[in-house]
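K.L.:
need the 3D shape of this:
(one chain, ligands or ions: 1)
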Amino acid sequence: MVGSVAFRTVNGQEHQRSIVDGRFGPGDGTDLDLRALVALPGFTDAHGHLANDSLDDYLGAPPTSTPTERAFAQLRSGVFLVYDKGGATRGHLAVLDEDPLRRPDLEMAGSIIHPPGGYYPGVSDRESDVADLVAVATEEATGPAKWVKLIGDWPRPGIGAIPNYEDHDLARVVATAHGAGCRVAIHTAAPGTPSMAVRAGVDSIEHGLFLSQDDIEALGARGGAWVPTLIAMGAIRDSLRAGSSGQILFDAGIRNAASLLSDAVDAGVHVLPGTDLAVPHGRVAQEAIAMAGAGLGAARALESLTSTGRTYAGLGDPWALGAPADLVAVAGDPAEDLTTLLDPVLVLRHGHVLVDRR
Ligand SMILES: [Zn+2]
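P.N.:
Presented below is the predicted three-dimensional model:
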């Protein structure tokens, strides 16, 4: 463990801290002098799936790594907080038992809940009739998971994407989850569903291609979250037949989402970057860069990547005395050039140097 560290934050402020038991303490030592770099409080991946390497292995192909290895890949890349949005089973929740030097801080969903016909068939062990929704959500919310994850809509052959649930179903899941101290996240890529979810009190809208201005205002007023996963949505769009109704709908949705990014921040929504298996574990900075380019702007994208997720998780000032001795140091000014976030120079986790490329 490093005994002391000197660093400079993105606003140019210099700090010196001792490190005791993995936490920042008072002191003026410079055992680790990072003042030539810019220190950040680590990144957030707000839509990870530690259960999988890719959509292929979610759908049955052999995985090439384990949840533990994926969690460590995230950590080594400077991702100190992952909101995991679920898997086919609850197996990936075992990552919670790993040492914090081997994994990020975790806010995890267990099995992804959906009705028959409302998602990839036969993958999740929580494919369940709507009549059983509350019972299933109760089981998810009373385990080690902190999130309940629903699939809110899905395309049906010959019909297109339609909601999987009614307003009152969603409201009952929200009440159940909140009663157990959990939050609710919902996958939605179709029109109509985001409004239902926002009305029902769902905490985090995943993808949310068809959020409306009114939804944004309502979600922001109660401090909700939105994870647009622009790169993942672009990949799905590209996989659809050129000129098909599905692709036209996705194009419209992606344009709509991009147009709302900045308004959502203004409205108080926690707008967050997520990889969603379209970006390798640890590379969430790519999504922040995509969000910046789509209309969020560099300064807000940097805040989204490094601060917004911490706030939403209730984490305090990262540089305070007593805070975990965590930082990610990058070269250059990330507020000017977000690409520097792709290759952190140094990763310090609980006072241990995990990566040093100086
Ligand atoms: Zn996902």
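K.L.:
where do the helices sit along the stretch 51-200 of the chain?
P.N.:
Listed in chain order, the helices found in the stretch 51-200 of the chain under DSSP state H, counting those that start in this stretch are 55-58, 67-76, 133-141, 167-179, 193-200.
K.L.:
where among those helices is average confidence lowest?
P.N.:
Mean pLDDT per stretch puts helix 55-58 lowest among the helices of the stretch 51-200 of the chain, at a mean of 88.
K.L.:
which parts of it are buried?
P.N.:
Leu55, Asp57, Tyr58 (16 or more other C-beta atoms under 10 Å). Placement of C-beta: from N, CA and C, glycine included.
K.L.:
how about the closest residue to the ion within the chain, secondary structure?
P.N.:
With C-beta to the ion as the measure, Asp276 is the residue of the chain nearest to the ion, at 4.2 Å. Classification of Asp276 using DSSP: H, G, I helix; E, B strand; the rest coil returns coil.
K.L.:
CA-only coordinates of the helix or strand of the chain with the lowest mean pLDDT, as CSV, when you get a sec.
P.N.:
Within the chain, confidence by mean pLDDT, DSSP states H and E is lowest for helix 55-58 among all helices and strands, at a mean of 88. The C-alpha trace of helix 55-58 is given here as CSV (Å, rounded to 0.1, in the frame of the first residue of the first chain):
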residue,chain,number,x,y,z
LEU,A,55,-24.7,-11.0,-26.3
ASP,A,56,-23.6,-14.2,-28.0
ASP,A,57,-22.7,-15.9,-24.7
TYR,A,58,-25.9,-14.5,-23.1
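K.L.:
and that helix, anywhere near the ion?
P.N.:
No: using C-beta under 5 Å from the ion, helix 55-58 stays clear of the ion, coming no nearer than 8.8 Å.
K.L.:
how long is stretch 10-26 end to end?
P.N.:
21 Å (C-alpha to C-alpha, to the nearest Å).
K.L.:
mind checking how far that stretch is from the chain centre?
P.N.:
With C-alpha atoms, centre = their mean, to the nearest Å as the basis, stretch 10-26 stands 26 Å off its chain's centre.
K.L.:
same question for that stretch, mean pLDDT?
P.N.:
Here the average pLDDT along stretch 10-26 is 97.
K.L.:
which residues touch that stretch?
P.N.:
Here stretch 10-26 makes contact (C-beta atoms under 8 Å, 6 or more residues apart in numbering) with 1-9, 27-30, 35, 38-40, 302, 319-325, 333-335, 350-352.
K.L.:
any idea how many residues pack against the residue of the chain closest to the ion?
P.N.:
27 (other C-beta atoms under 10 Å).
K.L.:
roughly how far does it sit from Ala94?
P.N.:
In this view, Asp276 and Ala94 are 21 Å apart by C-beta to C-beta, to the nearest Å.
K.L.:
repeat for Thr66
P.N.:
Distance from Thr66 to Ala94, by C-beta to C-beta: 10 Å.
K.L.:
the two: which has the busier surroundings?
P.N.:
It is Thr66, of Thr66 and Ala94, that has more neighbours when counted by other C-beta under 10 Å, with 16 against 13.
K.L.:
with only the CA atoms kept, save stretch 342-358 in CSV.
P.N.:
Taking C-alpha atoms only, stretch 342-358 is exported to CSV below (Å, rounded to 0.1, in the frame of the first residue of the first chain):
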residue,chain,number,x,y,z
LEU,A,342,-9.6,5.6,-22.6
ASP,A,343,-6.1,4.9,-21.3
PRO,A,344,-5.7,5.8,-17.6
VAL,A,345,-2.0,6.3,-16.7
LEU,A,346,-2.5,5.1,-13.1
VAL,A,347,-5.2,3.3,-11.1
LEU,A,348,-5.2,3.5,-7.3
ARG,A,349,-7.7,1.4,-5.5
HIS,A,350,-8.0,1.5,-1.7
GLY,A,351,-4.4,2.7,-1.6
HIS,A,352,-3.0,0.0,-3.9
VAL,A,353,-1.6,0.8,-7.3
LEU,A,354,-3.3,-1.6,-9.7
VAL,A,355,-2.0,0.0,-12.9
ASP,A,356,1.0,2.3,-13.4
ARG,A,357,1.9,3.3,-17.0
ARG,A,358,4.0,6.4,-16.0
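K.L.:
so for that stretch, what gets flagged as buried?
P.N.:
Pro344, Val345, Leu346, Val347, Leu348, Arg349, His350, Gly351, Leu354, Val355.
K.L.:
output those residues as TSV; include the columns secondary structure.
P.N.:
Shown next, in TSV, are these (three-state DSSP):
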residue	secondary structure
Pro344	coil
Val345	coil
Leu346	strand
Val347	strand
Leu348	strand
Arg349	strand
His350	coil
Gly351	coil
Leu354	strand
Val355	strand
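K.L.:
what's the most distant pair in those?
P.N.:
Across the buried residues of stretch 342-358, the longest distance by C-beta to C-beta is 18.6 Å; it joins Val345 and His350.
K.L.:
now do the contacts for the nearest residue to Thr308 once chain neighbours are set aside.
P.N.:
Nearest in space to Thr308, with sequence neighbours left out and distances taken as C-beta to C-beta, 6 or more residues apart in numbering, is His270 at 5.2 Å. Counting by C-beta under 8 Å, 6+ apart, His270 makes contact with Gly223, Gly224, Ala225, Trp226, Thr308, Gly309, Thr311, Tyr312.
K.L.:
of those residues, grab the buried ones for ChimeraX.
P.N.:
Selection of buried members from these for ChimeraX, criterion 16+ other C-beta under 10 Å:
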select :224,225,226,308,309,312
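K.L.:
give me the contact list for the helix or strand harbouring Gly309.
P.N.:
Using DSSP states H and E, Gly309 maps to helix 309-312. Contacts of helix 309-312 with the rest of the structure, by C-beta under 8 Å, 6+ apart, involve Pro41, Thr44, Ala46, Leu81, Tyr83, Gly223, Ala225, His270, Leu272, Pro318.
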